[in-house]
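> Quick one: sequence and predicted model below, then my questions.
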Amino acid sequence: MSIELKDFKVQFESEHFEKLDQLALLARQDYNLGGAGDWFGEFRGGLYGFYARLYGVQHHYSEVHAWLPRVRHVSETEYHLASIMFQMDSALECLTFAINAFGWAAMPTEFRDVTDEKTLRWISPLDVLGGSTRLPSPQPGYLSIFPSFCELWKSQSELINQIRELHDVSKHRKIIYTGGRARSDTPTGFNESLGIPEKSNNDKDSMLRTLVSPAAEIVLKSEPKIPLNKRLSQPYEQRELLENLVPSFACFINSSGAALLTDARQLDFKESQFLNEEAAPYVRNMIVW
């Protein structure tokens, strides 16, 4: 994959999620689904947790690639990687939690009960995907109310599983990258500001220039749960790069918002617009992407 060295930004689109939030608020009105079980509070809590995780992905992805006035250690890179994996995996968890609440309001028997503390603990992306020993099929409500969303997540199950595995390994076991490549587009005057001669061929100066350079490519471990003595060498062109994974995740999230909004708009409400805008204002989220 060709990488633009001067731009390591990841963009998440908020528009569809903001409209979904507004639609959920309309559903919450007493003349539509009402507010039983404070489902809207659970929905919005999950949605705002989701926003926060996406911000975390952006922050750590930018930071691990940024030119900063210090030596870049392996432990710092791994810290950012582990944080990115947590944020991505948790974003999926939070979004599932939010959507479960919305679905429960419309079809209580087909989603996890938002009023039951024990049931809430079981909410996870597996409710959407199925395929596990505990939950071989998705929760039926997703197929009924959110079919486009459910189909999208099934099509991206490999990406979701990769994120969840990398998060699990980074959280409980070991580092999740094998190497990579440093950036070579050093900003003008950057090395000199740190007292490192730019054009010196001295081995020490060359080493210092390398140590302060951030990552351009980070090679992730493929199948990270396989023991080292059973791992096979991986062809160069099949490497797993962070710089592929994170943009793919962003595209997946943006598509998820569009699919959710399309599905939610098919719900049949008694009133399709607020009867009193002042009584039911739309509180815009505070996350700016």
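That came in fine, so what should we check first?

> Buried ones in the lowest-mean-pLDDT helix or strand in the chain, by neighbour count?
Every helix and strand of the chain was ranked by mean pLDDT, DSSP states H and E. The lowest is helix 203-211, at a mean of 85. Across helix 203-211, burial judged by 16 or more other Cβ atoms under 10 Å covers 205, 208, 209. Where C-beta positions appear, they are placed from N, C-alpha and C, glycine not excepted.

> Same question for stretch 250-260.
So stretch 250-260, judged by 16+ other Cβ under 10 Å, has buried residues 250, 252, 253, 254, 255, 256, 257, 258, 259, 260.

> Over to stretch 47-55?
Applying 16+ other Cβ under 10 Å to stretch 47-55 flags 47, 48, 49, 50, 51, 53, 54, 55 as buried.

> Pull it out as CSV, backbone CA atoms only.
The C-alpha coordinates for stretch 47-55 follow below in CSV (Å, rounded to 0.1, in the frame of the first residue of the first chain):
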residue,chain,number,x,y,z
LEU,A,47,-23.2,6.2,21.5
TYR,A,48,-21.1,8.7,23.4
GLY,A,49,-18.7,6.0,24.6
PHE,A,50,-18.4,5.0,21.0
TYR,A,51,-17.5,8.6,20.0
ALA,A,52,-14.9,8.7,22.7
ARG,A,53,-13.3,5.5,21.5
LEU,A,54,-13.1,6.9,17.9
TYR,A,55,-11.4,10.0,19.2
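
> hmm, who's touching that stretch?
12, 14, 17, 20-21, 87-88, 90-91, 94-95, 97-98, 253, 285, 287, 289 (Cβ atoms under 8 Å, 6 or more residues apart in numbering).

> rerun that using 6 Å as the cut-off
Outside stretch 47-55, the residues within contact range by Cβ atoms under 6 Å, 6 or more residues apart in numbering are 12, 87, 90, 91, 94, 95, 98, 287.

> Widest-spaced pair of those?
87 and 98 (16.0 Å; Cβ to Cβ).

> count of neighbours near residue 171?
When counting by other Cβ atoms under 10 Å, one arrives at 12 neighbours for residue 171.

> Who has more neighbours out of residue 87 and residue 98?
residue 98 (25 against 22).

> Could you tell me how many residues sit around residue 11?
10.

> secondary structure element for it?
Assigned by DSSP states H and E, residue 11 falls within no helix or strand.

> Model confidence score at the residue nearest to it when sequence neighbours are not counted, please.
Once flanking residues are discounted, residue 11 sits nearest to residue 250: 6.2 Å by Cβ to Cβ, 6 or more residues apart in numbering. At residue 250, the model reports a pLDDT of 97.

> Three-state assignment for residue 250, please.
helix (DSSP: H, G, I helix; E, B strand; the rest coil).

> all strands for this structure, in order.
177-182, 215-220, 240-241 (DSSP state E).

> Export those strands as a markdown table, with columns for mean neighbour count.
Below are the strands of the chain laid out as a markdown table (neighbours: other Cβ atoms under 10 Å):
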| stretch | mean neighbour count |
| --- | --- |
| strand 177-182 | 15 |
| strand 215-220 | 20 |
| strand 240-241 | 18 |
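
> My guess is residue 138 contacts residue 130. True?
Yes - the pair residue 138 and residue 130 passes the contact test of Cβ atoms under 6 Å, sitting 4.3 Å apart.

> ok, residue 56 - how many residues close by?
Neighbours of residue 56 using other Cβ under 10 Å come to 17.

> can you pull the contacts of the closest residue to it other than its chain neighbours?
In space, and not counting its chain neighbours, residue 56 is closest to residue 87: 3.7 Å by Cβ to Cβ, 6+ apart. By Cβ under 6 Å, 6+ apart, the residues touching residue 87 are 53, 56, 57.
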